[in-house]
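Asker: Turn this into a model:
(one chain, ligands or ions: 2)
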Amino acid sequence: MQKPNLYNYSPEELAELMRMWGQPAFRARQIYRQLYVNLAADTAAMTDLPLALREQLAAETELGALQLVRLQQDDDGLTRKALFQIPGGHVVETVLMIYPDRATVCVSTQAGCAMGCVFCATGKLGLLRNLTAGEIIEQAIWASRELRAWQADPPQTIAASAVRSEFPSDEDQWWGGEGDSFSERVTKQVGRVTNLVFMGMGEPFANYDRWWQAVERLHDAQGFNLGARSMTVSTVGLPQGIRRLAGEELPINLAISLHAPDDDLRTSMMPINQRFPISELIAASHEYVERTGRRVSFEYVLLQGQNDHPHQAIALAKLLRSRGPSGPLLCHVNLIPWNPVPGMPLGRSERQRVLDFQQILRDYGVACTVRVERGIAIAAACGQLAGSAT
Ligand code: SAH
Ligand code: SF4
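Answerer: Ligands and ions are numbered 1, 2, ... in the order given. Coordinates of the predicted model:
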């Protein structure tokens, strides 16, 4: 039988476990610190606990449920993708992206996904199973350990080509010239995982309760201490999830996968649009903005010749500029040139088409950026995660 995963325990549940084991209450706080601050990789490393307690933990609990199957690197080691096996035999992927001023981890919330978007590698798998809160949390813990190891032994040189995007971005000023001591700057500035995006495998709102438990735990100032504004969730666009998030206390960021300006096209790309068409999505977005005062991001994957025509950019701009009860929608568009998935008869929009699309949106007054992609060569970029161990 599977032993319980310590990362599934809340602080209260750890306290209850210690009470049952006849331990003083402060032991629970020590263990919690070991898990979320020290990032102990094994109970033997929890040297502030008595040996007998360490042994009992090792015998009766599991320090994490994810088994690392494979680690891949790209961008001179600045992008790292982990493939984990989860109890039951399925696999999930996590990506760590290191930048000069921050480090972002992209976390999965489900093994596979039920939504079946035609352009997405994960969608091809169907839903295999929901991840537990602990399994979601552990991915962030893995990334922190990985970053710590990278910082302890930083690379000597990183080619500018490894980090430059093909699209101009505010980040370019950071990279500096080829000869700059980039890694020195990075190791000085990035102390820890600073950003977390729920944009890996799965639809977070289809596993809402466990996903939200993970958000709250990772936010806890006594533990991992990641700010709410440093977390972003991306959804296929489930209106009930958007409304529920609007009512949560923690102000995490919301990104919605829109990808098309009209229902026919969106339905052909994303089957979920049949149940929740664009009008419902926009209505829920207006509600979200009114209730929270925060803007929403719309993701728009660009497929050559499908949804990247100038007239579609105009239709998108008009859709987003349409007025809700209290004015135009407070929003931002993030364009994602499609990342290739083997066997899919689709194409990535050419650079000039992307720039033209962006310019039209801006001309209509819609804020718009192009997502800087990482790890395409190791299938670690958006929508390429399929958990193949071969
Ligand atoms: N299930 C959620 C979050 C995971 S996908 C969602 O769909 O929003 C994260 C983002 O990558 C989404 O915007 C998704 O539409 C996009 N995406 C999926 N496949 C892609 C691909 N092959 N290339 C680029 N983006 C892709
Ligand atoms: Fe699922 Fe998101 Fe992929 Fe669609 S894009 S299949 S919702 S993971």
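Asker: Please list all residues in contact with G126.
Answerer: When contacts are counted by Cβ atoms under 8 Å, 6 or more residues apart in numbering, G126 is found next to G112, C113, A114, G116. Just so you know, the C-beta spots here come from the backbone N, C-alpha and C atoms, and that holds for glycine as well.
Asker: Out of these, who's the most crowded?
Answerer: Neighbour counts for these (other Cβ atoms under 10 Å) peak at C113, which has 25 neighbours.
Asker: what about the closest residue to ligand 1 within the chain, distance to L303?
Answerer: At 1.8 Å from ligand 1, G383 is the closest residue in the chain, using Cβ to the nearest ligand atom. Distance of G383 to L303, given as Cβ to Cβ, to the nearest Å: 11 Å.
Asker: Between those two, which contacts overlap?
Answerer: F119, W338.
Asker: Which positions in the stretch 151-300 of the chain make contact with ligand 1?
Answerer: M199, E203, S234, T235, V236, S257, E299 (Cβ under 6 Å from any ligand atom).
Asker: burial count for R362?
Answerer: For R362, using other Cβ under 10 Å, the count is 15.
Asker: ok, the residue nearest to it when sequence neighbours are not counted - contacts?
Answerer: The shortest distance from R362 to any residue other than its chain neighbours is 5.7 Å, reached at C368 (Cβ to Cβ, 6 or more residues apart in numbering). Going by Cβ under 8 Å, 6+ apart, C368 touches H332, V333, N334, L335, Q358, L361, R362.
Asker: Taking the residues of the stretch 151-300 of the chain next to ligand 1 together, which two end up most distant?
Answerer: Farthest pair in those (Cβ to Cβ) is E203 and E299. Separation: 13.2 Å.
Asker: Comparing these two, which residue is more hemmed in?
Answerer: Each of E203 and E299 has its neighbours counted (other Cβ under 10 Å); E203 has more, 27 against 20.
Asker: mind checking the backbone torsions on that one?
Answerer: phi -110, psi 110 (degrees, to the nearest 10).
Asker: Compute the distance between it and I256, please.
Answerer: 12 Å.
Asker: again with L128
Answerer: L128 is 24 Å from I256, by Cβ to Cβ.
Asker: So the two - more neighbours on which side?
Answerer: Neighbours were counted for L128 and for I256 using other Cβ under 10 Å; I256 has more, 24 against 20.
Asker: residues in contact with that one?
Answerer: S234, T235, G237, I242, L281, S285, V296, S297, F298, E299.
Asker: CSV please, covering the residues you listed and showing pLDDT, distance to P11 and secondary structure.
Answerer: Below are the contacts of I256 laid out as CSV (pLDDT from 0 to 100; distance: Cβ to Cβ, whole Å; DSSP: H, G, I helix; E, B strand; the rest coil):
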residue, pLDDT, distance to P11, secondary structure
S234, 98, 28, strand
T235, 98, 28, strand
G237, 98, 34, coil
I242, 98, 29, helix
L281, 97, 37, helix
S285, 97, 34, helix
V296, 97, 32, strand
S297, 97, 32, strand
F298, 98, 36, strand
E299, 98, 34, strand
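Asker: Of the residues you listed, which is the most crowded?
Answerer: Counting by other Cβ under 10 Å, top hit in these: G237 with 29 neighbours.
Asker: residue contacts, that one?
Answerer: Counting by Cβ under 8 Å, 6+ apart, G237 has contacts I256, S257, L258, M270, I272, N273, F276, L281.
Asker: how about 10 Å then?
Answerer: 115, 203, 205, 256-259, 266, 270, 272-273, 275-278, 280-282, 284-285, 298-299 (Cβ atoms under 10 Å, 6 or more residues apart in numbering).
Asker: Can you narrow these down to the ones near ligand 2?
Answerer: M115, E203.
Asker: Please flag which of the contacts of G237 sit within strands.
Answerer: I256, S257, F298, E299 (DSSP state E).
Asker: And the furthest pair within those residues?
Answerer: Every pair of the ones in strands among the contacts of G237 checked by Cβ to Cβ; the farthest is S257 and F298, at 7.9 Å.
Asker: Common neighbours of those two, please.
Answerer: With Cβ under 10 Å, 6+ apart, S257 and F298 have common neighbours G237, L281, N334.
Asker: What pLDDT is listed against A159?
Answerer: Note for A159: predicted pLDDT of 65.
Asker: typed the wrong thing, it's A140
Answerer: pLDDT for A140: 98.
Asker: Give me the distance between it and L319.
Answerer: From A140 to L319 the distance is 35 Å (Cβ to Cβ).
Asker: quick one: the helices in the stretch 1-150 of the chain?
Answerer: 11-20, 26-36, 51-60, 133-152 (DSSP state H, counting those that start in this stretch).
Asker: among the ones you listed, which is nearest A103?
Answerer: Here helix 133-152 is closest among the helices of the stretch 1-150 of the chain (Cβ to Cβ), at 5.3 Å.
Asker: tell me the angle that closest one makes with helix 26-36.
Answerer: 60 degrees (axes from the mean of the first three to the mean of the last three Cα atoms, to 10 degrees).
Asker: Dump helix 133-152 to CSV, restricted to CA.
Answerer: The C-alpha coordinates for helix 133-152 follow below in CSV (Å, rounded to 0.1, in the frame of the first residue of the first chain):
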residue,chain,number,x,y,z
ALA,A,133,-2.2,18.7,-3.8
GLY,A,134,1.1,17.1,-2.6
GLU,A,135,2.1,16.1,-6.1
ILE,A,136,1.4,19.7,-7.4
ILE,A,137,3.4,21.2,-4.5
GLU,A,138,6.3,18.8,-4.9
GLN,A,139,7.0,20.1,-8.4
ALA,A,140,7.7,23.6,-7.0
ILE,A,141,9.9,22.0,-4.3
TRP,A,142,11.8,20.1,-7.0
ALA,A,143,12.4,23.3,-9.0
SER,A,144,13.7,25.1,-5.9
ARG,A,145,16.1,22.2,-5.2
GLU,A,146,17.2,22.2,-8.8
LEU,A,147,17.8,25.9,-8.8
ARG,A,148,19.8,25.7,-5.6
ALA,A,149,22.0,23.0,-7.1
TRP,A,150,22.5,25.1,-10.2
GLN,A,151,23.5,28.1,-8.2
ALA,A,152,26.0,26.0,-6.2
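Asker: Nice, that's everything, thank you.
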